[in-house]
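Trainee: structure here, sequence nowhere to be found:
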């Protein structure tokens, strides 16, 4: 075991992010893999929130504190980082629902587009699970996992806007208030809320606690990290295993006894441990790739899964969708990252760099290389 350069990226967090994204895929399409629903895998979203807080703090704390970047530049960079792949997922969602829904539902898809295209929620009643007759009131019906991006975007914008007021005491106060709200939610409606209008308010508590925990973890991190393959793999395997562990039916009525401690304690602890260990040179490319494709997996998996699901009965090539979806998704995500997302972000970053330079702002604002 040896020390790692403190300036290197957090590769174990990359691996954890990729594994969590694949876990979310299994949650939404568990029947593809002949699995029962995973009872607590929704807590992977809280893990995403905490990792985002940590990574954003590592990328921007010093820049915002020193004045090298102002809040306008920061917000623009966050939009550049998140929007291109989000928009690709949105368009793929339109394609998927156009295949799935009857032509008479086309106006519903169109009505959802304006708000969702602006990364805003919509009340459009799209029948995402047609031919099921009911309508699930998703706040992002064209690509419903995007609900968590909305809350993450709100949290990250608040971080940039109010950075000078975010003392350690202030962050602890936000974290405590969010913990109380999360406990109330766990005892009333449950923690696994956010995608639907009637309980979307729980998303504020979830992101308020986990994202703030990530910010604080970065501020309190230890200066040295150690390189250890087994430790990096163990963090990823144990975390994903914990989220996927079955919950006995006899105690499902007291699910909060599991989900609340995990959300409040285990999720932050996992991020802290993952930030302290790094994989060795042989595993580093694999972990880096995992982190690079994680965002694409998250925003593209539901539309692509719907397409695979709807085409399966039409062709013998898709008799085993569980064998088709993961590799197809990885290929699509890799292609999107290499030939769409990265070039588009570089072009947008270059444009903003020129704009800020023309207006006398720091050129460092156009650095779009930071991870999600």
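Mentor: Nice, I can see it. Owing to the predicted nature of the structure, the values given are computational and were not obtained by experimental measurement.
Trainee: quick one, strands of this structure?
Mentor: Using DSSP state E, the strands of the chain run over 2-4, 225-227, 277-278.
Trainee: so which residues of the protein form helices?
Mentor: For the chain, helices defined by DSSP state H occupy the ranges 11-28, 44-66, 71-100, 106-117, 146-161, 168-188, 202-219, 229-244, 256-261, 267-276, 284-311, 321-336, 342-358.
Trainee: show me what the third one is packed up against.
Mentor: It stands for helix 71-100. helix 44-66, helix 106-117, helix 146-161, helix 284-311, helix 342-358 (3 or more CB pairs under 8 Å, 6 or more residues apart in numbering; DSSP states H and E). (C-beta placed from N, C-alpha, C; glycine too.)
Trainee: report the distance from that helix to the chain centre.
Mentor: 13 Å (CA atoms, centre = their mean, to the nearest Å).
Trainee: do the fifth one as well
Mentor: How far helix 146-161 lies from its chain's middle: 11 Å, per CA atoms, centre = their mean.
Trainee: do the second one as well
Mentor: Mean C-alpha position of helix 44-66 versus that of the full chain (CA atoms, centre = their mean) differs by 12 Å.
Trainee: next, the buried residues of that helix.
Mentor: 44-61, 63-64 (16 or more other CB atoms under 10 Å).
Trainee: ranking the helices and strands packed on helix 71-100 by burial, who's on top?
Mentor: Mean neighbours per residue, mean count of other CB atoms under 10 Å, is largest over the helices and strands packed on helix 71-100 for helix 44-66, with a mean of 23.
Trainee: next, the contact list for residue 240, please.
Mentor: 19, 20, 23 (CB atoms under 8 Å, 6 or more residues apart in numbering).
Trainee: state the pLDDT value of the first one.
Mentor: Looking back up the chat, that one is residue 19. Residue 19 carries a pLDDT value of 96.
Trainee: if I look at residue 348, how far off is residue 92?
Mentor: Per CB to CB, to the nearest Å, residue 348 is found 20 Å from residue 92.
Trainee: hmm, I typed the wrong one, I wanted residue 156.
Mentor: Distance from residue 156 to residue 92, by CB to CB: 24 Å.
Trainee: if we ignore the residues flanking it in sequence, what's nearest residue 174?
Mentor: Nearest non-adjacent residue to residue 174, counting by CB to CB, 6 or more residues apart in numbering: residue 212, 5.0 Å away.
Trainee: what's the local residue count around the one you found?
Mentor: 28 (other CB atoms under 10 Å).
Trainee: that one reaches residue 53, doesn't it?
Mentor: Yes: contact criterion CB atoms under 8 Å: residue 212 and residue 53 qualify, at 6.4 Å.
Trainee: common neighbours of these two, please.
Mentor: With CB under 8 Å, 6+ apart, residue 212 and residue 53 have common neighbours residue 155.
Trainee: hmm, back to that, mind telling me which of the helices and strands packed on helix 71-100 the model trusts least?
Mentor: The bottom spot among the helices and strands packed on helix 71-100, by mean pLDDT, belongs to helix 342-358, with a mean of 83.
Trainee: which other helices and strands contact that helix?
Mentor: helix 71-100.
Trainee: got the buried residues for the helix it packs on?
Mentor: Using 16+ other CB under 10 Å as the test for burial, helix 71-100 gives 73-90, 92-94, 96-97, 100.
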